[in-house]
Structure formats: C-alpha cells, structure tokens
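Novice: Quick one, structure for this:
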Amino acid sequence: MGIDRLFNTETRKGVAWFGIDPPPDGRRAFEERGFVVTPCSVRDLYRPGFVEGLAAVIFTQNSAKLAGIARDLKRHAARMLTYDCRVIIRTVRQPELDGQPLVISVIDQLRIPTANLDVEDAEKLGKWQPTHRGQAPLPHARVYGPNVPWPDIANFMMEHRPGPAPSRTLVIEPDEERQRLSWAYDLLLRRAFWDCAGVHLKRMDDGHSGVSVYLAHAELMKGQLGEWPLPYFVKIGDRRKVFDEYVKYEDNVDPYVPFHLGPHLIRERCCLGASSGVIVGDFVEESEGLAQCAREGRAGPAIACLFNRTLAGWHRFAQQDEQESSQLARRLLRRFPRMSARLEPRLARARELGAIRSLDELRRLFQRCVSTPVLVGPIHNDLHAGNVHVRATDAIVIDFAAHDRGPLLCDAATLEASLLVDGFREKGSGEPGAKAELDATIRQWLESIEGLYDHVPLHASLIHPNPKNPACWFHACVRQIRRYAWEMELRPHQYAAALALALLIKATKSLNVPEPEASRRAAAYVLAERVLLSAFDPREGEYCI
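Specialist: Numbers count the residues shown, from 1 in each chain. A predicted model of the protein is given here:
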C-alpha cells in the first residue's frame, strides 16, 4: 500500500450516455458514487472542454439497429481513449439476438484496446492487442452484456479513475518540434505534463526501438521549490512498444538495477492512448557516452562497474541451461543476418578488405557451436556503447526496450562489437578521389586491431600492444570485456560465436552510413569471418563441440 497524500485530483467525474438518456438504474449507480451523469451528443464529444471532464462515455447497442454502434465506435472510441476517457460498450445479447459478434468485429477492425471479453473473443484479439499478465492496460474499452449490473460497472470506474485532464494551455517548445507532433502525440504530452506551464523538447537519438526520444525541460506551475525540476527523458510512439518498455522498467529495471546506475520512470507522467503512448523518466545528467570515455583511456572503472554493479542484479539469476534447444547457435540463429540484394555493396567492400566466405557459409560455421551448458539469464539485449553512459566511475545503462532473457555472453559481445564500429573516429571521405586515402586509413586501422581476432581461443591474443598504437584504448577495453565474458563462458569458443554474431549484425546494419564508418562495418564482417574460421572450421583447428 502506497502513501496517500490526499491530493484532490478528481476533476473528471462525468459519465455520459451517448445518444440516449441514462437509464434510471445506471444513473443511480454512478451518482451514488459521486459521478455526474449526463446524456451527450456527437457535438459534445468533439468539444475538448466537455471530453476533458469525462471519466467515461457509454455506448449502448440498439436491438433495432445493431450496426449503429459500429458507426459510433469508429467515429469516437479511439479519440476518447486518447483523452484517457473510459469507453463502456453495452451490447445486446438475447436468445434470438446477439450483437456482440458485430462489436468484436468492429474492435478487431479498428484495433481498439479492449478488455472484459469472453475467452474466445480475447483470443481473437490477442494477436495484436498488448496485454500484461492477461490484462489489457488502461485506457481501454470494456464490453458488458445487458445483464451485468450497473453497480458493478460503476465500482470498476471508482477503482480505475482516469488521470488528470490534458493541459490545453501547455506551451510545447520549440514551435517547429510541436508542429511535427501528430494530434495524438500532442495530446499525450499534454496529459503527461498536465501540471506544467510549458515543456521544452530536444530531439535525441531514437535508437532502435522505433519511438521518438526527447530531452524535456518542464516548467511547473506549482513547484514547491521553484518552477524548474530536473530534466526528463520522454519516449513517445506505438502503444505496444511503449507499454512493453514500461513493463520492463517496472518489473526488471527498478527492482534490480541500482537507483544511481539506471534511469527510473516518473510513473504519474507515463500514459497511454488508443494506439500510442508516452513514458517519462529521469534523464542522466552530467554523463558521457562510453565510447568517448574509452577513446580517452578512462573506461576501465566504468566497464568494471558495468559488470560488477550495474548488471549484477540480473546476473545473480543466471542459470546453466543444458537442454539441446539451448545450444548457443540454436538460441541465437534467428538473429543471424540473411542475405539480400541490399547487402551486396557492403559485402563487396568486405571482400575488398579480405573477406572470402559468403554469409551462408558463415552461418554454417556458426551452427557448429553446439556445446552445452549455456549460462542464461536476464540481459539488456542491446548493450551498445551508446546505451552505456559514464559519470565519474559509474556505468549507467539506459534504453531497456529490448530487455530479454538470453545468453549472458550476448551483452558482452554486443558491447565489444559496438566499440569496434562506433568507438573509432578516423577522418575519411566518401568522395571518389579520396578512396585511396580511405583504403590506406582503413587498412592501417585493421592492422592495429586484427591481432585481437586472429586467434581462437580469443584470450591468446590479449597482448599489450605497442603504446604508440592509436588503438591502445580499444585493446584495453577488449581485454577487460573478455575477462568478464570468460566468466560467463561455460564451454570453449562460446564467446567467439557470440562475438562473431555481434560483429556480423553490425556489419549488415545501417547500410547508408557515410565513410569511414561504412568501411569499419565492412571490416567487422572480415573480423567475424576470421573468428568463425578459427573457432569452427576443422581445417583451421579444433572447433566447438
């Protein structure tokens, strides 16, 4: 039970019957619980001032015109849900007349989040509707048959009131960013920052989750100590993706990642609409990306913190999985890149840099990693250098949209591959006249690091390079990451397989990046090939069994 400070936020007390007068028993049930009951029209539901005061709108199916409710739901339901207004659907169901199949068909067509369904109907909609522990999150439409007592419906409304009404006076800055927002995104921000006079948004890297990410500075209207609180991060996008990440924060991040080593959500500012949602959390201030820290030779304490403290709460739950289906190659094969025409320019560049095997041949080598057991547990699943921020000696992990259960080696391999591709900052040009210079730069860079990938087992190559080597910082990071990886490796060459896959994923993504990054990604293919050949080609030596 939480602490209730008795704030009065019950400003949304309206319950409106659409198109008909409220039935006496329905009116009585809601009014006894403090709601204000009224009929409403089409015009009313287009008036923001009216909708903002509603807790629920009730659509009643007419036995004489079953299809009429379909028209009304198509016109109003999604918009009401985006306002966080509960949508109550009262169907006709009699021995000779059943209007619910029509309602379910309309819901399926519109993809309106819905709850309180029969098992068969819930399974029909489950293919697209996000649920958590079997329940669709609010706001959602609720379907009730004619025999459900109105007090039961009113009790649900008492227990699940909508959040504060969106602020119509909120100033969203800068103006050009506000103009790029859709109506639904704009409304969600007005709900999230309902108690603010303004919010300034700065677009950030959207990462790989497919949602928009902002740094937000909000101006409170009634701040106890002043109008400027600490900054927030804001992620806004598809309802399913946003809700999934919200659940991961709630269930997997907050209880297990130390409070100072990961951002945490501001729950009262997180909200969902009909098809989109927004989460708001603490922004990590006064930090730098791991890649920048690494290039300056300061990443050692942060990498140690990452594995010893930040991720330790997850790693405590790791288990050895000895099932045949848990072989590393079988677990990870779905991630292995597939050949396509779009990849050919990148692979042609890889061949220029020394690649000799096709992607299909590398897949067959990868599939030879069939050893068990594999150490499996909670993982970040997208632990690239941009998702690790450094503040002093602390490693702060962000962006948990991809969090999953899998081989612990995947996070270490992803981090190493990311530092290889994203960590270096050579100057280069994609202009034709500069190709010779670019080739020389890339080959010199490859020579500075290839000793880390030429021999398996990989720890055989962890020698200290010549201090004049400009890649000394990378060697230091790799030595440290692999020491933690070997603690997770239960059979020879498991990390080699995970690392080769991570390198191939980097090599086959971001096909339109400029040089010299494009060539570094092609070189990642070359290095992955060398690791796979050395570990799993019997002509090269022993391989993982």
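Novice: Tell me the secondary structure of the closest residue to Leu359 other than its chain neighbours, please.
Specialist: Taking CB to CB, 6 or more residues apart in numbering as the measure, Leu359 lies nearest to Met339, with 4.8 Å between them; neighbours along the chain are not counted. To be clear about C-beta, it is placed using only N, CA and C from the backbone, and glycine gets the same treatment. With DSSP: H, G, I helix; E, B strand; the rest coil as the basis, Met339 sits in coil.
Novice: How about the contacts made by Met339?
Specialist: 358-360 (CB atoms under 8 Å, 6 or more residues apart in numbering).
Novice: Got a quick PyMOL command for the buried subset of those?
Specialist: Typed into PyMOL, the line below selects the buried ones among the contacts of Met339, using 16 or more other CB atoms under 10 Å:
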select buried, resi 359
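Novice: Quick one: the helices in the stretch 201-350 of the chain, in order.
Specialist: 239-248, 290-295, 300-305, 312-315, 328-332, 344-352 (DSSP state H, counting those that start in this stretch).
Novice: would you turn these into TSV with mean pLDDT?
Specialist: Formatted as TSV, those follow (pLDDT from 0 to 100):
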stretch	mean pLDDT
helix 239-248	93
helix 290-295	95
helix 300-305	96
helix 312-315	95
helix 328-332	90
helix 344-352	96
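Novice: For Leu490, which of these is the nearest?
Specialist: helix 328-332 (9.7 Å; CB to CB).
Novice: packing partners for that closest one?
Specialist: strand 374-379, strand 404-407, helix 494-507 (3 or more CB pairs under 8 Å, 6 or more residues apart in numbering; DSSP states H and E).
Novice: Outside of that helix itself, list whatever touches it.
Specialist: Identification of contacts with helix 328-332 by CB under 8 Å, 6+ apart yields 324-325, 366-371, 374, 376, 406-407, 409-410, 494, 497-498, 501.
Novice: ok so, going back, most neighbours per residue, which of the helices and strands packed on helix 328-332?
Specialist: Each of those was scored by mean neighbour count; the highest is helix 494-507, a mean of 27, by mean count of other CB atoms under 10 Å.
Novice: so what does it touch, helix or strand wise?
Specialist: Short answer (3+ CB pairs under 8 Å, 6+ apart): helix 494-507 packs on helix 328-332, helix 359-366, helix 409-422, helix 472-488, helix 517-536.
Novice: Quickly, which of those helices bottoms out on average pLDDT?
Specialist: Mean pLDDT per stretch puts helix 328-332 lowest among the helices and strands packed on helix 494-507, at a mean of 90.
Novice: export it as PDB, just CAs?
Specialist: The C-alpha coordinates for helix 328-332 follow below in PDB (Å, rounded to 0.1, in the frame of the first residue of the first chain):
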ATOM      1  CA  LEU A 328      24.200 -21.200 -28.300                       C
ATOM      2  CA  ALA A 329      23.800 -21.500 -32.000                       C
ATOM      3  CA  ARG A 330      20.200 -22.700 -31.800                       C
ATOM      4  CA  ARG A 331      19.300 -19.900 -29.400                       C
ATOM      5  CA  LEU A 332      20.800 -17.100 -31.500                       C
END
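Novice: If you count neighbours, what's buried in that helix?
Specialist: For helix 328-332, by 16+ other CB under 10 Å, it's 328-332.
Novice: What is the burial count for Val148?
Specialist: Number of residues near Val148 (other CB atoms under 10 Å) recorded here: 14.
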